[in-house]
Structures are given as C-alpha cells and as structure tokens.
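A.B. asks: following is a predicted model, sequence given first.
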Amino acid sequence: MTSGEIYAEIQKKQSFLCVGLDPALEKIPNHLLKEQDPIFAFNKAIIDATIDQAVAYKPNLAFYEALGPGGWETLQKTLDYLPAEVFTIADAKRGDIGNTSTLYARAFFEKMNFDAITVAPYMGEDSVSPFLKFEGKWVILLALTSNRGSHDFQLIEDKEGTPLFASVLEKSKSWGTPQNTMYVVGATRGPAIQSVREIIPEHFLLVPGVGAQGGSLEEVARYGMNASCGLLVNSSRGIIYASSGRDFAEAAKKEAQSLQTSMEKLLNQYCG
C-alpha cells in the first residue's frame, strides 16, 4: 500500500483513525467467552462496528502471543477478516541483528501479509534494513514514545543539546523513504511533535495515546499534520473497551464516530 493509497482512504472516510486490536480475555464481555474463539468474535464485532471510520488496524502482538499457538491462529483469522483497503500494522516492536530481522520480516510480511510492522531502531541500520527490502511494505520506527520510561533515554541530550530521539530521526530518515518508513510519536508529547515534523516533514506518523492515555487530538493535528495528513492516530482501549456489556460493539462505534467527526474538522482545518 502506497502513501497515496493511505491518503485516499483518509480522504474517503474523512478520518485518520487507527483502531488498536488489543483484546484481553479478562476484559472482553463475558457472553463472548462461550464462543469457540472468543477473541476473534470480539475482534470481528469491533471491526464491523468501526470499519466505516477506521483507515488502519493495529493488533498488538503481545495480546495474541500470550495465548500460545491458538493466539497466532486468532491473529491470522483477524487479518483475513479485515478488508484489503485498510492498512494493517503488526505492533510487534521487533529489532535484532540482520539475519534475525530478515526472518521477522518474512514472518510478518510474507506469511501473515501485514502492511507494516513496528521496529525498535536502537540496534542500527542493519537491524532495520531487512524490513525495508519488501516492496509495498512499511517499517514504523519507534521515535518518541509516551510511556514514563521514555525519559530514561529518548530525551537525553548530547553536548550540542540535541535529544536522542532527534538524532535517531536524523540518522534513520536516510535508511528508507516517506514511501516505506513511518515513525511512532506519542500523542502526549504535544509541542514536541512539531520538532519531529521539522526533521521528517513528509513521513507518516503513527500516534498512540489519544483517549485513555490523555493525548490531545487537536494538538496532534496542529503540530503533526502535513499536506497529505501524514497521521495515523491510534485508539485502543478507548474504543474496544467503551463498554463491557453486550452493547460493546455499539459503544465502540460511537467512540469511533466521535473521533471521526473530530478528525474531519481537523482535516478541513489543517489539511484542506
């Protein structure tokens, strides 16, 4: 999927929403537990409820790996159920030496047919380049995350006052192009997103943290949107756990619709 195709879907739906499919057995509605595959039943209902608003879906691999072999089967069924026009992200946060990364890339791009995978860039170019060899696929590098521990390394400044995340952006932007590389930037970072944009003005940003984590959608758009939108804003818990009852899918749809309405206004304001 090209950046132009992603933007076309954004324009079509007037939305840059990515739905995080992070289901935990202990959190899904009780009535689904009698299903043969409760997690797939949950995912299917969430997808059906949000497909008109979402341009991307992002399963977090940990929620499936924790279930053992059956979890991988559920993940594949979920992928197979998603329409071809939506952008699929394996939130796997891989990153290893080159030959290992090659096998990770084959697993997620060839065997499972994800469009993109999240990758930690801190082992350097040779750990990332294997993922970039797959035509039409995307690498999403961790850049500036919103977790508390991000302060331990990402914001450390060198003697010139450049924070580590900025150095990572500067170095890694030459590894790929805006047609095969995106970056993860947390929504709670607010004005720091503007600093990211100054370094990578054309790349798409995958932005988690809106909703349950308290990030501001308006700030994300103000500081991060470019002429082609350039944003995929992820919401996981705020959508999929909007209700714990039998109305969970309807509640998810309402949350997705609310975000889409806000996103349409922001597209017209900053990208129109």
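C.D. replies: Now that the structure is in, tell me what you want to look at. Remember, it's a predicted structure, so these values are computed and weren't measured experimentally.
A.B. asks: low-scoring stretches of the stretch 151-272 of the chain, by residue?
C.D. replies: The model of the stretch 151-272 of the chain has pLDDT under 70 over residues 152, 154-155, 157, 211-214, 272.
A.B. asks: quick one, helices of this structure?
C.D. replies: Per DSSP state H, the chain carries helices over the ranges 3-13, 38-50, 62-65, 69-81, 98-105, 125-128, 164-172, 192-199, 217-224, 237-240, 248-270.
A.B. asks: for those, which one sits closest to residue 207?
C.D. replies: Set against residue 207 and scored by C-beta to C-beta, the helices of the chain come closest in helix 217-224, at 5.4 Å. C-beta coordinates here come from the backbone N, C-alpha and C atoms, glycine included.
A.B. asks: send over the closest one as PDB, restricted to the C-alpha atoms.
C.D. replies: The C-alpha trace of helix 217-224 is given here as PDB (Å, rounded to 0.1, in the frame of the first residue of the first chain):
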ATOM      1  CA  LEU A 217      -6.100  15.000  19.100                       C
ATOM      2  CA  GLU A 218      -6.200  18.800  18.300                       C
ATOM      3  CA  GLU A 219      -2.600  19.200  19.400                       C
ATOM      4  CA  VAL A 220      -1.500  16.200  17.400                       C
ATOM      5  CA  ALA A 221      -3.100  17.700  14.300                       C
ATOM      6  CA  ARG A 222      -1.900  21.200  14.900                       C
ATOM      7  CA  TYR A 223       1.700  20.100  15.300                       C
ATOM      8  CA  GLY A 224       1.900  17.000  13.200                       C
END
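A.B. asks: quick one: that helix to helix 192-199, angle?
C.D. replies: Interaxial angle, helix 217-224 versus helix 192-199 (axes from the mean of the first three to the mean of the last three C-alpha atoms, to 10 degrees): 30 degrees.
A.B. asks: can you tell me what sits against helix 217-224?
C.D. replies: 185, 187, 190-194, 196-197, 205, 207, 210, 230-231, 233, 259, 262-263, 266, 269-270 (C-beta atoms under 8 Å, 6 or more residues apart in numbering).
A.B. asks: which among those residues count as buried?
C.D. replies: Among the contacts of helix 217-224, those classed as buried by 16 or more other C-beta atoms under 10 Å are 185, 187, 192-193, 196-197, 205, 207, 210, 230-231, 233, 259, 262-263, 266, 270.
A.B. asks: residue 127 - how many residues pack around it?
C.D. replies: Using other C-beta atoms under 10 Å, residue 127 is surrounded by 20 other residues.
A.B. asks: spit out the contact partners of it.
C.D. replies: So residue 127 contacts 95-98, 101, 119, 121 (C-beta under 8 Å, 6+ apart).
A.B. asks: one more time with 6 Å
C.D. replies: Listed by C-beta atoms under 6 Å, 6 or more residues apart in numbering, the contact set of residue 127 reads 95-96, 101.
A.B. asks: ok, and the most crowded of these?
C.D. replies: residue 101 (22 neighbours).
A.B. asks: now the helices of the chain in JSON lines, with distance to residue 28?
C.D. replies: Output for the helices of the chain, formatted as JSON lines (distance: least, C-beta to C-beta, whole Å):
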{"stretch": "helix 3-13", "distance to residue 28": "26"}
{"stretch": "helix 38-50", "distance to residue 28": "5"}
{"stretch": "helix 62-65", "distance to residue 28": "11"}
{"stretch": "helix 69-81", "distance to residue 28": "12"}
{"stretch": "helix 98-105", "distance to residue 28": "28"}
{"stretch": "helix 125-128", "distance to residue 28": "35"}
{"stretch": "helix 164-172", "distance to residue 28": "35"}
{"stretch": "helix 192-199", "distance to residue 28": "33"}
{"stretch": "helix 217-224", "distance to residue 28": "26"}
{"stretch": "helix 237-240", "distance to residue 28": "9"}
{"stretch": "helix 248-270", "distance to residue 28": "8"}
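A.B. asks: tell me which of those helices sits nearest to residue 134.
C.D. replies: helix 98-105 (6.0 Å).
A.B. asks: could you tell me the average pLDDT over that closest one, please?
C.D. replies: For helix 98-105, the mean pLDDT works out to 95.
A.B. asks: buried residues of it, list them for me.
C.D. replies: 101, 104-105.
A.B. asks: over to stretch 75-84?
C.D. replies: Quick answer for stretch 75-84 (16+ other C-beta under 10 Å): 75, 78-79, 82.
A.B. asks: I'm done for today, thanks for sticking with me.
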